[in-house]
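Peer 1: here is my input; please provide its structure:
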Amino acid sequence: MRLIHTADWHLGQSLHGFERSYEQQCFLDWLLDSLVEQQADALLIAGDVFDTANPPALAQQQLYRFLTEARARVPHLNTVLIAGNHDSPARLEAPRPFLQLLDAVVSGQVWRYGNHDIESLVVPLKDQAGQVTAWCLAVPFLRPADLPKVDKAADPWLAGVEQLYQQALSIAQAKATANQAVIALGHCYLQGGSASLDSERRIVVGNSEALPASLFSRDLSYVALGHLHLAQAVGGVEWIRYSGSPLPMSFTEAHYPHQVLCVDLLGAELKAVRSLRIPRFVELLRVPAKPAPFVEVLAALEALDLPHLPEEQQPYLEVRVQLTAPEPGLRVRIETALKDKPVRLAKIETSYLRLEAENTELAPLSLDELQQLDPLNLLEELYRQQYPTELPADLAQAFTSLLHEAQLEAKS
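Peer 2: Reported below is the predicted structural model:
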């Protein structure tokens, strides 16, 4: 049996105000072709299908059109889709009866009709002949209310997650023959995983942020995870993997090797895991590669030589400026340097050089000492901490004027 493992599509996501439906559709079209080329038997989508709990109509249309076309082009395809922390479980499951006609199973909720419905999390996977070849534990992103209570547990959340996976595994093992694999889906943060700095919401429940990889029994043939956008095998364990996101969700992810995973099973044995690299449909540029003085940045922007493309294909640009003091008209000067260039200015990142030799930390003060401070002197001190220069005279004058107005208003 051949599985395609993917996750974290974040349909409907925008990048600093630019909507991304063009490149998201390019990915879905590429994935359709890959399902056909790889002769896939099952598609596993490990959560965060949408970017928000209330996705735009276009994002929902993209998903359901994709599932319909996937079924038409690969008639025997099994699809299993779980909710992530960005998804609304109820919204994702709303079309569940219709999606079952496409052999697509959506798992968003653990509670049904007032009870834990662990049985519904265990999904059969069939081969091209329609025979059950493997079983899938379709466990969505778990919130505390989803979990069984474990008495006297040191960490009730961790114990509840472990018990739920074990219950689902026991049900699957009771159904599976010796020659049928049992695999698991999950949307969580495992210890040892590398997270993105900008675009992954931290999952913190109780006192825990990351779950141990030992959560997953060695009786499982493969664990298909979502949440972390960097593709990785957790702790070097080949059978526990994050597929990563198909597109960079922020500029810090521009260098990630975006991919889906092609997983081959032979009976209950994991035979191979291959990476299928996803083309970059729209480039993310960081100019310069590291923050530089403003004069150098302007020269680099003016020297940009880019091919003319339709707007939806033009690169997104992050400009990285290193300053020693606030720069009036920063954005205007950058936009002027980029005039008529086929690029979309998404972000301006500013950083400041700090004085290293001088310790300018303010000492702790009592309430009486705070009351005796001169506001202008305090502003000057704070300005010197932030920038290696003195407070400009025009800013000092403006501050003094505002302070005087505030004092008059307080007396009236």
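
Peer 1: my guess is Phe399 contacts Leu378, does it?
Peer 2: No. If you go by CB atoms under 8 Å, Phe399 and Leu378 don't touch, sitting 10.3 Å apart. Yep, even glycine has a C-beta here, placed from its N, CA and C like the rest.

Peer 1: end-to-end on stretch 247-264?
Peer 2: With CA to CA, to the nearest Å as the measure, stretch 247-264 spans 24 Å from end to end.

Peer 1: scratch that, stretch 68-79
Peer 2: Taking CA to CA as the criterion, the two ends of stretch 68-79 lie 11 Å apart.

Peer 1: what is the rounded mean pLDDT of it?
Peer 2: For stretch 68-79, mean pLDDT is 96.

Peer 1: stretch 89-100 now?
Peer 2: 92.

Peer 1: ok, Leu270 - contacts?
Peer 2: For Leu270, the contacting residues are Ala181, Ser221, Tyr222, Glu238, Trp239, Val263, Asp264, by CB atoms under 8 Å, 6 or more residues apart in numbering.

Peer 1: now the phi/psi pair for Arg241, please.
Peer 2: phi -140, psi 150 (degrees, to the nearest 10).

Peer 1: ok, it - contacts?
Peer 2: Contacts of Arg241 by CB under 8 Å, 6+ apart are His5, Tyr222, Val223, Ala224, Leu225, Ala231, Gln232, Ala233, Val234, Leu261, Val273.

Peer 1: so it bridges to which residues?
Peer 2: Applying DSSP bridges to Arg241 gives these bridge partners: Ala224, Ala233.

Peer 1: how far away is it from His86?
Peer 2: To His86, Arg241 is 20 Å away according to CB to CB, to the nearest Å.

Peer 1: just to revisit the earlier point, which of the contacts of Leu270 sit farthest apart?
Peer 2: Taking CB to CB, the two most distant members of these are Ala181 and Glu238; they sit 14.7 Å apart.

Peer 1: who has more neighbours, these two?
Peer 2: Ala181 (23 against 11; other CB atoms under 10 Å).

Peer 1: and the more buried one, what does it touch?
Peer 2: With CB under 8 Å, 6+ apart, Ala181 has these contacts: Met1, Thr133, Ala134, Trp135, Ser221, Tyr222, Leu265, Gly267, Ala268, Glu269, Leu270.

Peer 1: try Glu318
Peer 2: Contacts of Glu318 by CB under 8 Å, 6+ apart are Phe251, Leu284, Leu285, Arg286, Val287, Ala346, Lys347, Ile348, Glu349.

Peer 1: bridging residues for it?
Peer 2: Here Glu318, judged by DSSP bridges, has bridge partners Arg286, Lys347.

Peer 1: pretty sure Val122 sits against Val132.
Peer 2: No. Between Val122 and Val132 there is no contact under CB under 8 Å: 11.5 Å.

Peer 1: the more surrounded of those two?
Peer 2: Val122 (23 against 13).

Peer 1: contacting residues around the more buried one?
Peer 2: Trp135, Cys136, Leu137, Ala138, Ala168, Ile171, Ala172, Lys175.

Peer 1: show me what it is bridged to.
Peer 2: Beta-bridge partners, per DSSP bridges, of Val122: Leu137.

Peer 1: so how far is the first residue of stretch 140-160 from its last?
Peer 2: End-to-end distance (CA to CA), stretch 140-160: 14 Å.

Peer 1: please compute how far that stretch lies from its chain's middle.
Peer 2: Mean-position distance between stretch 140-160 and its chain equals 24 Å (CA atoms, centre = their mean, to the nearest Å).

Peer 1: counting neighbours, which bits of it end up buried?
Peer 2: Using 16 or more other CB atoms under 10 Å as the test for burial, stretch 140-160 gives Pro140, Phe141, Leu142, Asp146, Leu147, Pro148, Val150, Pro156, Trp157, Leu158, Ala159, Gly160.

Peer 1: kind regards, and thank you for your time.
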